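[1] here are the coordinates; sequence isn't available:
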Ligand SMILES: [Zn+2]
């Protein structure tokens, strides 16, 4: 264990276990070591590779092809969101549910950290949101349109403030979570909110299958929290954790089973690896795990105080 991990930067415990994990998404099988805090159950990747960029090849999922909507489809999407706001659900896309607990208006300033190709920002623009910025250090070309912008920037380089800062599976790709929270408070407007969607070690799959866990995803995941560690981080930096919901998916089961078979994600055809019955079982099981709060990912909602005292 390296010297940088003698004390847990979340809870200050010095009691760690160590877990060896292989790169399994692309199947390079490079080996890495995680430290698991035995107190708050956070996971830290020790000695991340210096050139992490090589583990984000161009076929990495968040840089897939961007799908734009024509003006008619854009209008329909706006109407669908308006209806949803009034309690009428017309085949709502999954992100509507993530937005539900937030206090947003069309003029809210929204940042998406690790925005990939910007698809979510585009969808939010069709819903009527007017101030949308994405940040991603791995994006190839910055992008600026009337609808939204994408900057090739690290999180710590952001020089604007926001009413909502979102991390959709990007928080776990960042080192030094305490520093991330420290900076979060700086870029949040008073009363501003944070949505962090992230894998969590509360998951039963992690407890049962450890290094084969689909969302361990070495070495891309540098830090994986727990519901307890997120609570601690919020308290430490003056952000109220006002809601936590589990939104884990069937992939926690088929992905982990695939890795246990020794197969990589890339190049595997899930429908050939598992029967229809197995795949539908996985979906049912994920819903059950989320209700029991033992799914492998969750949404955390934080709020900054409206006034600074
Ligand atoms: Zn800890």
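    Right, received. Where do you want to start? Everything numeric here is computed off the predicted structure, so don't read it as measured data. Residues are numbered from 1 along each chain as shown.

[2] Give me the residue at the spatial middle of the chain.
    With distances taken as C-alpha atoms, centre = their mean, the chain has residue 169 as the residue nearest its mean C-alpha position (1.6 Å).

[3] you'd agree that residue is up against residue 195?
    No - under the criterion of C-beta atoms under 8 Å, residue 169 makes no contact with residue 195, lying 11.4 Å away. All C-beta spots, glycine's among them, are computed from the backbone N, C-alpha and C.

[4] related to what we said a few turns ago, now do the residue nearest to the centre of the chain against the ion, distance only.
    22 Å (C-beta to the ion, to the nearest Å).

[5] residue contacts, that residue?
    114, 197-199, 297 (C-beta atoms under 8 Å, 6 or more residues apart in numbering).

[6] confidence score at it?
    The score at residue 169 is 94. That number is its pLDDT.

[7] okay, and the helix or strand of this structure with the least pLDDT?
    Here the helix or strand of the chain ranked lowest by mean pLDDT, DSSP states H and E is helix 71-85, holding a mean of 79.

[8] and the residue in the stretch 101-250 of the chain that the ion sits nearest to, how many neighbours?
    Taking C-beta to the ion, the ion has its nearest neighbour within the stretch 101-250 of the chain at residue 229, 6.3 Å off. The local packing of residue 229 (other C-beta atoms under 10 Å) involves 24 other residues.

[9] doesn't residue 10 make contact with it?
    Yes - with contact defined as C-beta under 8 Å, residue 229 counts as touching residue 10 (4.5 Å).

[10] shared neighbours, these two?
    37, 40, 42, 177.

[11] okay, now the spatially closest residue to residue 155 that is not a sequence neighbour: neighbour count?
    Of all residues not flanking residue 155 in the chain, residue 113 sits nearest, at 5.5 Å (C-beta to C-beta, 6 or more residues apart in numbering). Residue 113 sits with 27 neighbouring residues when counted by other C-beta under 10 Å.

[12] Give me the phi and psi angles of residue 113.
    Phi and psi for residue 113, reported as degrees, to the nearest 10, are phi -90, psi 120.

[13] give me the beta-bridge partners of it?
    On the basis of DSSP bridges, residue 113 is bridged to residue 135, residue 167.

[14] That one: what's it in contact with?
    Applying C-beta under 8 Å, 6+ apart, we find residue 113 in contact with 135-136, 155, 165-167, 170-171.

[15] what's the spacing between the closest residue to residue 268 other than its chain neighbours and the ion?
    Using C-beta to C-beta, 6+ apart and skipping residues adjacent in sequence, the residue nearest residue 268 is residue 258, 5.9 Å away. Residue 258 sits 30 Å away from the ion when distances are taken as C-beta to the ion.

[16] Which elements pack onto the one helix or strand residue 258 maps to?
    Under the criterion DSSP states H and E, the helix or strand holding residue 258 is helix 251-260. In this structure, helix 251-260 makes packing contacts with helix 204-209, helix 270-273, helix 276-292, judged by 3 or more C-beta pairs under 8 Å, 6 or more residues apart in numbering; DSSP states H and E.

[17] what comes into contact with the shortest one?
    By C-beta under 8 Å, 6+ apart, the list of residues contacting helix 270-273 from outside reads 254, 257-258, 261, 263, 279.

[18] The same query, at a cut-off of 10 Å, please.
    The contact list for helix 270-273, computed with C-beta atoms under 10 Å, 6 or more residues apart in numbering, reads 250-251, 254-255, 257-258, 261, 263, 278-279, 282.

[19] now swap in the first one and tell me
    Around helix 204-209, the neighbours that count as contacts under C-beta under 10 Å, 6+ apart are 19, 36, 41, 43, 199-201, 203, 212-216, 224, 226, 248, 252-253, 255-257, 259-260, 285, 289, 292-296.

[20] Quick one: buried ones out of those residues?
    Buried members of the contacts of helix 204-209, scored by 16 or more other C-beta atoms under 10 Å, are 19, 36, 41, 43, 199-201, 203, 212-216, 224, 226, 248, 252-253, 255-257, 259, 285, 289, 293-296.

[21] got the residues of the stretch 1-150 of the chain near the ion?
    Residues of the stretch 1-150 of the chain lying close to the ion (C-beta under 5 Å from the ion) are 8, 10-11, 13, 37, 39-40.

[22] mind redoing it with 8 Å?
    8-13, 37-42 (C-beta under 8 Å from the ion).

[23] Among those, which one sits closest to residue 50?
    Distance to residue 50 across those (C-beta to C-beta) is lowest for residue 9, with 20.4 Å.

[24] is it true that that closest one touches residue 42?
    Yes - when contacts are counted by C-beta atoms under 10 Å, residue 9 is listed as touching residue 42 (8.4 Å).

[25] Name the residues contacting each of the two.
    177, 223, 229, 233.
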